[in-house]
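Asker: Just the structure for this:
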Amino acid sequence: MAEVIEIYDHRLRALVRPDASLQKLANGAVHSEGPVYFHEDDSIVWSDAHGNRLLRWSASDGVKVLRDPSDYQSGNYRDLEGRLVACSSGKRAIMRREHDGEWRVLVDRYQGKRLNSPNDLVVKGDGTIWFTDPPYGLTEPNQGYGGEQEQDGCFVYRFDPATGEIDAVVTDRMRPNGLTFSPDERLLYVSDTSAFNIPHGDHDIRVYEVVNGRHVTNSRVFAVIEPGQPDGIRVDEHGNIFTSSEDSVQVYSPDGIRLGKILVPEISANLTFGGPGRDRLFITAGKSLYAIDLNTRGVQ
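Answerer: Numbers count the residues shown, from 1 in each chain. Coordinates of the predicted model:
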């Protein structure tokens, strides 16, 4: 375990297995992002975000290409009906794969103006989709088709696919990127990766209190992530936060204490829990997909 896990707080010992090992499941992507787990066939779907492809891995089939091109999909999630919901930096939209396999644009505008380039998303227990909207698909040549920014800033949105209603719920972040809810959905965590290309930009996670399931308040810094930036974030059943960083997946307790690191040989970008017991952590990093078995379960 010493080669894989760095322990800074004794509470991490309850979350990791003594024989923990990091497995490389697949490689060959340009930039791996946005993993999502499918329990029906024990598979992972993830984005080759810079390669403009959507990939799938399973132990029985290996790696297969699901979409090429994928319109620069990044973050992926599943809705309450099990459909794949995705951020498309190229389409500047939230998209959904319907039961018949067709892809549909759910939302691509706010107040009549085009979104920037949706990056990551989560589906709340009421079916609403919360997503981040930094400008990377407009500013980075390998993350979208370019274009002019129409929104006044980079926000976190709440979108209700049942009504078509969209609201900007977080407006105090420079480059919101990853997001996740606490297990009881009373807290929303949002990462900021503006340090990626803005001098003196942020590389932290802020936490917000969720009001009436629709709005947020009481923003505060939860953790400053070093080295690198906190891109994707996920939460386990105990409320611990797992976040990507330059050298590892870092683990934080609900009170903001860094418990330790799961070391990854490539720069980790995103992660998700999966496996039959939801106790396997899948990590997209660099060109690859990794996995490690834990003693805690994710809530996704």
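
Asker: center of this protein, which residue is that?
Answerer: residue 232 (3.8 Å; C-alpha atoms, centre = their mean).

Asker: for the closest residue to it other than its chain neighbours, helix, strand, or coil?
Answerer: Spatial nearest neighbour of residue 232, chain neighbours left out: residue 270 (3.0 Å); criterion: C-beta to C-beta, 6 or more residues apart in numbering. Every C-beta, even on glycine, is put in place using the N, C-alpha and C of the backbone. Here residue 270 is strand, with the state taken from DSSP: H, G, I helix; E, B strand; the rest coil.

Asker: count of residues packed around residue 270?
Answerer: 29 (other C-beta atoms under 10 Å).

Asker: Please look at it and residue 242 and confirm they touch.
Answerer: No: Residue 270 is not in contact with residue 242 according to C-beta atoms under 8 Å; the separation is 10.5 Å.

Asker: which residues touch the nearest residue to residue 136 once chain neighbours are set aside?
Answerer: Of all residues not flanking residue 136 in the chain, residue 143 sits nearest, at 4.6 Å (C-beta to C-beta, 6+ apart). Shown in contact with residue 143 (C-beta atoms under 8 Å, 6 or more residues apart in numbering): 49, 50, 72, 74, 89, 117, 136, 137.

Asker: Looking at the residues you listed, state which has the most neighbours.
Answerer: Neighbour-wise, these (other C-beta under 10 Å) top out at residue 74, 32 neighbours.

Asker: Who are the packing partners of the helix or strand harbouring it?
Answerer: Assigned by DSSP states H and E, residue 74 belongs to strand 73-78. With contacts taken as 3 or more C-beta pairs under 8 Å, 6 or more residues apart in numbering; DSSP states H and E, strand 73-78 sits against strand 32-38, strand 43-48, strand 84-88, strand 121-123, strand 129-132.

Asker: could I get those strands as CSV with mean neighbour count, mean pLDDT and distance to residue 97?
Answerer: Formatted as CSV, the helices and strands packed on strand 73-78 follow (neighbours: other C-beta atoms under 10 Å; pLDDT from 0 to 100; distance: least, C-beta to C-beta, whole Å):
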stretch, mean neighbour count, mean pLDDT, distance to residue 97
strand 32-38, 24, 98, 11
strand 43-48, 25, 98, 10
strand 84-88, 24, 98, 4
strand 121-123, 22, 98, 14
strand 129-132, 25, 98, 14
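
Asker: For the ones you listed, give me JSON lines that also has distance to residue 220.
Answerer: Formatted as JSON lines, the helices and strands packed on strand 73-78 follow (distance: least, C-beta to C-beta, whole Å):
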{"stretch": "strand 32-38", "distance to residue 220": "27"}
{"stretch": "strand 43-48", "distance to residue 220": "31"}
{"stretch": "strand 84-88", "distance to residue 220": "26"}
{"stretch": "strand 121-123", "distance to residue 220": "20"}
{"stretch": "strand 129-132", "distance to residue 220": "18"}
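
Asker: So for residue 251, which of those strands sits nearest?
Answerer: Among those, the nearest to residue 251 by C-beta to C-beta is strand 32-38 (17.4 Å).

Asker: and the closest one, which strands flank it?
Answerer: Strand 32-38 has its sheet partners listed here by DSSP bridges as strand 43-48 (antiparallel).

Asker: can you map out the helices along the protein?
Answerer: Applying DSSP state H to the chain gives helices spanning 136-139.

Asker: Give me the residues contacting the lengthiest strand in it.
Answerer: Of all segments of type strand in the chain, defined using DSSP state E, the longest is strand 215-224. The contact list for strand 215-224 (C-beta under 8 Å, 6+ apart) reads 167, 169-170, 172, 188-189, 203-211, 230, 241, 243, 252, 256, 258.

Asker: Next, the buried residues of that strand.
Answerer: Under the neighbour-count criterion of 16 or more other C-beta atoms under 10 Å, strand 215-224 has 216, 219, 222, 223 buried.

Asker: and what of stretch 8-23?
Answerer: For stretch 8-23, by 16+ other C-beta under 10 Å, it's 12, 15, 16, 20, 22.

Asker: Report the separation between the closest residue to the third one other than its chain neighbours and residue 13.
Answerer: To tie it back to what came earlier, the one meant is residue 16. Nearest non-adjacent residue to residue 16, counting by C-beta to C-beta, 6+ apart: residue 5, 5.3 Å away. To residue 13, residue 5 is 9 Å away according to C-beta to C-beta, to the nearest Å.

Asker: ok so, going back, what's the closest of the buried residues of stretch 8-23 to residue 68?
Answerer: Closest to residue 68 out of the buried residues of stretch 8-23 is residue 22 (28.1 Å), distances taken as C-beta to C-beta.
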